[in-house]
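**Student:** sequence? don't have it. structure:
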């Protein structure tokens, strides 16, 4: 049984990551300047090797800081390989932006940008191969009984059942749940093979044996009065103790705490975009992205405008009131995709499949999301963001806030042209509940890299919408 090995694994990660970063950089230089791949011909001017290699210590240090910020040194237990791969890509995109920004600031025109691109690609590939290989080694070791964490649950509750469900569904995490202690549920009660073996008082007998890696306190809400007693008993034995609250429907996965002169205060909702620096970073991306989007898509905008005007009567742009940040209404722009109607008819109901109100051109631009392009102007105006929860009409907001728990939390941030729910398939005529679930995850877990990731996903799979009628 291997205990407390995460710090050693992290140390190994840092050392090997540093070697991979430096090696990828040197290999990129060799490919660029010493092989036909780089396209450099004899006699071409390029900076000397010492200039390029002098940057290696700074790049390695910066990348290790970025990796830590992107949570690449957190425990692998409880996380999947897909999430780690996306964090590797996110970290390298941030690194690429950082390097090109530094070169722009110092006005270094001759430092090869194509070499940087090669370095980013190589670094992503080699880092991913190392990380995924290490993960597979750990999985194999755990299958053979090594590197396991032996856990005892204290308290039978819904939280205990959900914890067991997740551990059973993910044996690669390497958790072994031995039993449950509870004062209410009778001994012998089984849940998915895990048995209630006795009362909580039995901890005094079990803990001195020192055969456990962790105690997970999973008390039901009505027994929280015993929490201090149980924590004190566990800590006295030196066994690592964690607390799994039985009110996850109230407190999200990432609450944050404040220290009021020694008094811990748990904030129910963590919204990173309430911080000024985060809002400024996001707004900068919005302005640059929207302006670039309008320039690039201007020929498409012109063609669609002509088609809409030529095939049906009415204005080219459809303007509708939606609810934005801080519950403030704003006018959202779209290309008109339906025949001209009265305002009352427009608000009558959702658009349905084969809706007779939708024009032929409208059906195509709705299906491909091209009708949303005028919202780039909303983004420049500050009404919307490139990424965020999709805005709803006023009447639907009034309806959903009464029916769907936590619905109004989405209005703590600017609504978006695309979003985490949309790239996961929840667009158009899909579950509002699931859409809100994904929106809340985005709001609570926002990072600059997360926005970049969603924008990339939108490009590759987010435009065509089979649920858009």
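**Tutor:** Arrived safely, thanks for sending. No experiment lies behind these values; they were computed from the predicted model shown.
**Student:** Next secondary structure after the lowest-mean-pLDDT helix or strand in the chain?
**Tutor:** Across the helices and strands of the chain, mean confidence by mean pLDDT, DSSP states H and E is lowest for helix 343-346: a mean of 59. Using DSSP states H and E, the helix or strand that follows helix 343-346 towards the C-terminus is helix 360-367.
**Student:** average pLDDT across that following helix?
**Tutor:** Summarised as a single mean, pLDDT over helix 360-367 is 86.
**Student:** Show me how far whatever helix or strand comes next after it is from its chain's centre.
**Tutor:** Per DSSP H and E, the first helix or strand lying C-terminal to helix 360-367 is helix 375-381. Computed by CA atoms, centre = their mean, to the nearest Å, the chain-centroid distance of helix 375-381 equals 24 Å.
**Student:** Show me what helix 375-381 is packed against.
**Tutor:** Contacts defined by 3 or more CB pairs under 8 Å, 6 or more residues apart in numbering; DSSP states H and E place helix 375-381 against helix 276-311, strand 329-335, strand 416-418. Quick note: C-beta positions are derived from backbone N, CA and C, even for glycine.
**Student:** Apart from its neighbours in sequence, what residue is nearest residue 247?
**Tutor:** The shortest distance from residue 247 to any non-neighbouring residue, by CB to CB, 6 or more residues apart in numbering, is to residue 221 (6.1 Å).
**Student:** neighbours around that neighbour, how many?
**Tutor:** Residues lying near residue 221 (other CB atoms under 10 Å) number 11.
**Student:** so who does it touch?
**Tutor:** Residues in contact with residue 221 (CB atoms under 8 Å, 6 or more residues apart in numbering) are 157, 246-247.
**Student:** Show me the contact partners of stretch 273-293.
**Tutor:** 272, 373, 376-377, 379-380, 382, 385-386, 412-413, 443, 446, 448, 451, 455.
**Student:** Type out the PyMOL command that picks the buried ones from those.
**Tutor:** Applied in PyMOL, the following selects the buried portion of those according to 16 or more other CB atoms under 10 Å:
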select buried, resi 272+373+376+379+380+385+386+413+443+446+448+451+455
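**Student:** Would you check which pair of the contacts of stretch 273-293 lies furthest apart?
**Tutor:** For the contacts of stretch 273-293, the farthest-apart pair by CB to CB is 272 and 373; their separation is 28.1 Å.
**Student:** where does residue 425 fall, phi/psi-wise?
**Tutor:** phi 100, psi 0 (degrees, to the nearest 10).
**Student:** okay, how far is it across stretch 235-245, tip to tip?
**Tutor:** End-to-end distance for stretch 235-245: 18 Å, by CA to CA, to the nearest Å.
**Student:** cool, stretch 362-376 as well?
**Tutor:** 19 Å.
**Student:** For stretch 57-70, give the mean pLDDT please.
**Tutor:** Mean per-residue pLDDT for stretch 57-70: 91.
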